[in-house]
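Enquirer: Below is the sequence, then the predicted model.
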Amino acid sequence: MALQAIAFYLMATVTILAGLAVVFARNPVHSVLFLITAFFSAAGLFVLIGAEFLAMLLIVVYVGAVAVLFLFVVMMLDVDFSQLRQGFARYLPIGLLVAGILTVEMVMIAINVAVNGAAAKNATPQASLPDVSNTETIGRVLYTDYVYVFQAAGLVLLVAMIGAIVLTLRHKPGIKRQSIPAQNARTPKTGMTIVDIKPGEGISE
Amino acid sequence: MTLASFSLVWPEVILAVSAMALLVLGAFRGKGGVVFNGLAVLALLVAGAFAIFGPQGRGFAGGVIVDDLSAFAKAAIYGASALSIILSDRWLARRGEDKFELPVLILLAALGMGVMVSAGDLISLYIGVELHSLALYVLAAFRRDDAKSSEAGLKYFVLGALSSGLLLYGASLIYGFAGSTQFDVIAAAVDGGAGQGILFGLVFLICGLAFKVSAAPFHMWTPDVYEGAPTPLVGFFAAAPKLAAMVLLARVLQEGFGGAVAQWQQVVLAIALLSVFVGAFAGLAQKNLKRLWAYSSIANIGYALIGLAAGGEAGVQAMLMFMVLYMVDVTGFFACMTALRRDGRQMETIDDMAGLFKEKPGIALAMTAFSLSALGLPPLVGFFGKYYVFKAAIDAGLAWAAIIALVGSVVAAFYYLRLIKVMWFDAAPGAVEKPAFSAQSIAIAAALFSFPVGLVALAWLDPVSRAAAAVLG
């Protein structure tokens, strides 16, 4: 138990510190690297509560794909971050005000909940089945109860793909593309011309 | 889960399959065209018929609710989507910017809105919101070589992503405190005294949805997006997605949080009155008609929200009636806007409309009818929309809110009347081009609905909307 507690506090601290570093790092590449750290330690937290599938998913999807994509975008795009920060001082007071009010409200709610207790009275979490891994459990509901939203989520991705193509794909005229049928259909007749050049005249276009 | 669940989602299945089939067809042909768009319209009509006559019930472990309310909303949404495909067809073709993806995206947006109006838990709520708004972002930026259109798409996307974040944060809090994502379990938790945590989540959820209906103070994207987006699609933006989000909001509030009416009523009311006033006053300074109608739509969402705040069956019915009648006005008005070109340029500002009555009396009359109807002048249908809302508000003891909203509507009268004055009495600077047939006929049909036909249709709409509202009552 003590080992678990140590692991929890270690990873929780790393997650929070890395999260803060994402926001405060000056170099955007460092921000992305800290983001990856945060994902890794959050995955560790998932393992601690016995959700190994979610942990693997977090690493595969977020670290493997999303964060690497971010990294590419940040490094490829020539964004002048000092220019982006120009309005920072101007909007800081109002931003702090809104954030302050929100924080105070959240703390008040948190205190209220801590005093009166959270009220998930009628929600009874289902006991996990002993012989079934949680990958299998997720699979069982994902393709039965949630098949509707699962398919709809697929459509969301389809829309994203269509959108990216509609907004960025351009068919430029004048680009020479390979057409294998056209190449195969080429005969000496279409491919060359025989010109009879008279002596002393040369060839004109 | 049984196969019976699948029979509930026939409209969604039809739309999804036809969107994908059209996508493949378009990709092989490389272009769209009238027949292609016609197929998309046909798919929407078939899906609408299935929505109206299909079986009702709950399916997918509470994720889908099909009832009179969802059938009513789906019929209106699919109809508005079909009209927007017809309107945008020639408009974009004339600019050489027609692509076969447009009807496909509209189909997918309609599908997302259908998911929204029959959402029974927070997950399908979010998926529906995301599906339709992602399609709308792309549609707003559809004229990608136009700087304003790109700006509209980008602004819509960034602020929409922010609102999705708020919505998700609220949803996660609600899930945490209620222990379930399903509306009926949430309702049980609220009745069992779920305390402030769940209400905190609800406020975020309301904020996220207020973004989608562009209610003040979450309205700032609306004028820019409407100004930049292709004109025939703006009528679509202002009609169908708003109805979908309003129905969704009504369902969440009434079904999931019926036990906390006193708490959300004040939030909704504050947003509603703020919208009415922001829409009325900010609209006064606008020169561009698309921006003007953006503010007009903000104000009108305010009235619909007052109906919602009144709560109960009467309140939801008032909201539904108001939204459907407003959809007719806004679709008709943007059909007129789509039709009008002068000197090879789209007529977009109030000054452009000068002398329209002398050149195109039909369209000028139609635009006058839509403006007066949006203003709420009897005997146009817009008046009855507002009548329902104010009556529901007064019956619910919110007479003061109704009076304040009425004041806002008097302020807004100024800009509608100014537009009418410019159209009828000012001198025309040039000749208006011949309008496209589809846009003109939709405009005339909508105008006829907003005056004589609508009054007859009201007798039929009233019981239908009451039956729809009774689901939540």
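Expert: Cool, got the structure.

Enquirer: Could you tell me which helix of the chain is the longest one?
Expert: The chain I'm using is chain A. Secondary structure of chain A per DSSP state H: the longest helix is helix A:88-116.

Enquirer: that's the wrong chain, I meant chain B
Expert: From DSSP H, the single longest helix across chain B is helix B:147-178.

Enquirer: C-terminal to it, which secondary structure element comes first?
Expert: Note on helix B:147-178: by DSSP states H and E, the next helix or strand toward the C-terminus is helix B:183-191.

Enquirer: per-residue confidence averaged over the helix or strand following that next one?
Expert: Counting by DSSP H and E, the next helix or strand C-terminal to helix B:183-191 is helix B:196-212. Mean per-residue pLDDT for helix B:196-212: 90.

Enquirer: Nearest residue to the middle of chain A?
Expert: For chain A, A:Val66 is the residue whose C-alpha lies nearest the centre (CA atoms, centre = their mean; 3.2 Å).

Enquirer: Could I get the pLDDT score of that residue?
Expert: You'll see A:Val66 listed with a pLDDT of 83.

Enquirer: Mind checking if the helix or strand bottoming out on mean pLDDT in chain A is in reach of chain B?
Expert: Least confident helix or strand of chain A, by mean pLDDT, DSSP states H and E, is helix A:81-84 with a mean of 70. No: figure legend: helix A:81-84 not in contact with chain B (CB under 8 Å from any CB of the partner chain); closest approach 13.5 Å. In short, each C-beta sits where N, CA and C put it, glycine included.

Enquirer: by contact count, what packs against that helix?
Expert: Judged by 3 or more CB pairs under 8 Å, 6 or more residues apart in numbering or on different chains; DSSP states H and E, helix A:81-84 is in contact with no other helix or strand.

Enquirer: Show me what it is in contact with.
Expert: A:Pro28 (CB atoms under 8 Å, 6 or more residues apart in numbering or on different chains).

Enquirer: hmm, the longest helix of chain B in reach of chain A?
Expert: Yes: against chain A, helix B:147-178 shows contacts by CB under 8 Å from any CB at B:153, B:176-178.

Enquirer: Pick out whichever of those residues sits closest to B:Leu243.
Expert: Distance to B:Leu243 across these (CB to CB) is lowest for B:Gly153, with 22.1 Å.

Enquirer: residues contacting that closest one?
Expert: A:167, B:137-138, B:140-142, B:228-229.

Enquirer: now with 7 Å?
Expert: B:137-138, B:140-141 (CB atoms under 7 Å, 6 or more residues apart in numbering or on different chains).

Enquirer: tell me the pLDDT at it?
Expert: 93.

Enquirer: what's the answer for B:Leu248, then?
Expert: 94.

Enquirer: Okay, and it sits in which element?
Expert: Secondary structure assignment for B:Leu248, by DSSP H and E: helix B:231-251.

Enquirer: send the alpha carbons of that helix over as CSV?
Expert: Only the C-alpha atoms of helix B:231-251 are listed here, as CSV (Å, rounded to 0.1, in the frame of the first residue of the first chain):
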residue,chain,number,x,y,z
THR,B,231,-24.8,33.9,-48.2
PRO,B,232,-27.1,30.9,-48.9
LEU,B,233,-25.5,29.0,-46.0
VAL,B,234,-26.0,31.9,-43.6
GLY,B,235,-29.8,31.3,-43.7
PHE,B,236,-29.0,27.7,-42.8
PHE,B,237,-26.6,28.7,-39.9
ALA,B,238,-29.3,30.9,-38.4
ALA,B,239,-32.1,28.4,-38.7
ALA,B,240,-31.5,24.6,-38.3
PRO,B,241,-28.5,24.5,-35.8
LYS,B,242,-30.2,27.0,-33.6
LEU,B,243,-33.4,24.9,-33.4
ALA,B,244,-31.3,21.8,-32.7
ALA,B,245,-29.4,23.4,-29.9
MET,B,246,-32.6,24.9,-28.4
VAL,B,247,-34.4,21.6,-28.4
LEU,B,248,-31.3,19.9,-26.9
LEU,B,249,-31.2,22.6,-24.2
ALA,B,250,-34.9,22.2,-23.5
ARG,B,251,-34.4,18.4,-23.2
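
Enquirer: Pull the number of nearby residues for whichever residue of the stretch 101-250 of chain B sits closest to chain A.
Expert: Closest to chain A within the stretch 101-250 of chain B is B:Gly179: 2.1 Å, counting by CB to the nearest CB. Using other CB atoms under 10 Å in any protein chain shown, B:Gly179 has 20 other residues around it.

Enquirer: Quick check: phi and psi on it?
Expert: phi 80, psi 10 (degrees, to the nearest 10).

Enquirer: what bits of the chain have low per-residue confidence?
Expert: In the absence of a named chain, this looks at chain A. For chain A, the stretches with pLDDT under 70 are A:79-81, A:117-129, A:204-205.

Enquirer: my bad, the chain I had in mind was chain B
Expert: B:1-2, B:194, B:473.

Enquirer: what residues does it put near chain A?
Expert: Proximity of chain B to chain A (CB under 7 Å from any CB of the partner chain) is limited to residues B:1, B:9, B:16, B:60-61, B:63-64, B:99, B:101, B:104-105, B:108, B:111, B:115, B:123-124, B:127, B:130-131, B:134-135, B:137-138, B:141, B:144, B:177-180, B:185, B:188-189, B:192-197, B:200.

Enquirer: Buried ones from those, can you make that a PyMOL selection?
Expert: With 16 or more other CB atoms under 10 Å in any protein chain shown as the burial test, the buried ones among the residues of chain B next to chain A are selected in PyMOL as follows:
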select buried, chain B and resi 1+9+16+60+61+63+64+99+101+104+105+108+111+115+123+124+127+130+131+134+135+137+138+141+144+177+178+179+180+185+188+189+194+195+196+197+200
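
Enquirer: now the closest residue to A:Ala25 other than its chain neighbours: how far from chain B?
Expert: Counting by CB to CB, 6 or more residues apart in numbering or on different chains, A:Ser31 is the residue found nearest to A:Ala25 once chain neighbours are left out, at 4.5 Å. From A:Ser31 across to chain B, the span is 18 Å (CB to the nearest CB, to the nearest Å).

Enquirer: A:Ser31 should be in a helix, yeah?
Expert: Yes: judged by DSSP: H, G, I helix; E, B strand; the rest coil, A:Ser31 forms part of a helix.

Enquirer: So what's the residue count around it?
Expert: 18.

Enquirer: measure it to B:Gly33 for me?
Expert: Using CB to CB, to the nearest Å, A:Ser31 is found at 47 Å from B:Gly33.

Enquirer: likewise A:Ser82?
Expert: Using CB to CB, one gets 49 Å for the distance from A:Ser82 to B:Gly33.

Enquirer: More neighbours: the two, which one.
Expert: B:Gly33 (14 against 8).

Enquirer: ok, the more buried one - contacts?
Expert: If you count contacts by CB under 7 Å, 6+ apart, B:Gly33 has none.

Enquirer: Dihedrals phi and psi, it?
Expert: The phi and psi torsions at B:Gly33 (degrees, to the nearest 10) take the values phi 120, psi 180.

Enquirer: helix or strand for residue 78, which one?
Expert: This is for chain A. Assigned by DSSP H and E, A:Asp78 falls within no helix or strand.

Enquirer: oops, chain B please
Expert: Counting by DSSP H and E, B:Tyr78 is found in helix B:68-94.

Enquirer: List the buried residues for that helix?
Expert: Buried residues in helix B:68-94 (16+ other CB under 10 Å): B:68-92.

Enquirer: Please apply the same query to stretch B:457-473.
Expert: Buried, per 16+ other CB under 10 Å, within stretch B:457-473: B:457-458, B:461, B:464-469, B:471-472.

Enquirer: And for stretch B:18-31?
Expert: For stretch B:18-31, burial by neighbour count (16+ other CB under 10 Å) applies to B:18-19, B:22-23, B:26.
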